[in-house]
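[1] turn this into a structure:
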Amino acid sequence: LSQLTALKAQMNPHFLFNSLNSLHVLIESKPEVSQQFVLKLADVYRYLLEEREQHLVTVKKELDFLRQYIFLQEIRFSSSLNVSISCECDAKILLKKIPFLSLETLVENAIKHNEITKQKPLYISIVIQEAEIVVSNNYAPRKNKDQNSHHIGLDYLRNNYEYYHVNTFRTVIVDGAFKCYLPLLS
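    Predicted coordinates for the structure are as follows:
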């Protein structure tokens, strides 16, 4: 619980600051997109407030939230960020559970820890399978790493799965990609 609290506390100020800066640019250049942006930002914070007491949520709820979050990040990074979501399973799998904010945590980690430029775009893939969700991204670590990064997000996820006695959560770096395997819970 304390790790989840720390994770949310870390996310809120940086995310809000970056979102407001993006909104500032959009208001003059793309007023219609700025209206969508404000609505998506409100949806993101509504989810954080409504679900904050939950430790586990359905894959469907996390995906719905993630789509709002990705919209905001794609505005910020434009064509330098590419996220794909695919489901290789039936709809019942979307009712299984994963830790609260797990997908957002992995997307945010990819954004935070990798170089993202027009020349080196970040590609994130989220594949929902029968027993797990595989989140992967091209691995291009930033040259100037954040010394204040304490792996709060990955530790939160690892500890969450340990709490539920699930030992199949794992991360690997293979073939130029960072991959995380999120087991689905009943």
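[2] neighbours of the residue lying closest to V59 once chain neighbours are set aside, how many?
    Using Cβ to Cβ, 6 or more residues apart in numbering and skipping the chain neighbours, the partner closest in space to V59 is L94 (4.8 Å). Quick note: C-beta positions are derived from backbone N, CA and C, even for glycine. A count of nearby residues for L94, using other Cβ atoms under 10 Å, gives 17.
[3] could we number from 26 for the rest of this?
    That works, and once the first residue is 26, the last one we named lands at L119.
[4] what sits against L119?
    If you count contacts by Cβ atoms under 8 Å, 6 or more residues apart in numbering, L119 has them with T83, V84, K85, L88, C112, I153.
[5] what subset of these is buried?
    Buried members of these, scored by 16 or more other Cβ atoms under 10 Å, are T83, V84, L88, I153.
[6] helices - which of the residues you listed land there?
    Using DSSP state H, the subset of the buried ones among the contacts of L119 located in helices is V84, L88.
[7] quick check: V63 touching H49?
    No. Applying Cβ atoms under 8 Å, one finds V63 not in contact with H49, separated by 11.7 Å.
[8] those two - which one has more neighbours?
    Higher neighbour count among V63 and H49: V63, with 14 against 10, using other Cβ under 10 Å.
[9] can you tell me how far C205 is from V152?
    In this view, C205 and V152 are 11 Å apart by Cβ to Cβ, to the nearest Å.
[10] between these two, which is the more surrounded one?
    Neighbour totals were compared for C205 and V152, and C205 leads with 23 against 15 (other Cβ under 10 Å).
[11] now that one: phi and psi?
    In terms of degrees, to the nearest 10, the main-chain angles of C205 are phi -130, psi 130.
[12] show me what contacts it?
    Applying Cβ under 8 Å, 6+ apart, we find C205 in contact with L131, V159, V160, S161, L179, L182, F194, R195, T196.
[13] what's the local residue count around the third one?
    Here the neighbour count serves as a burial measure; for V160 (other Cβ under 10 Å) it reads 25.
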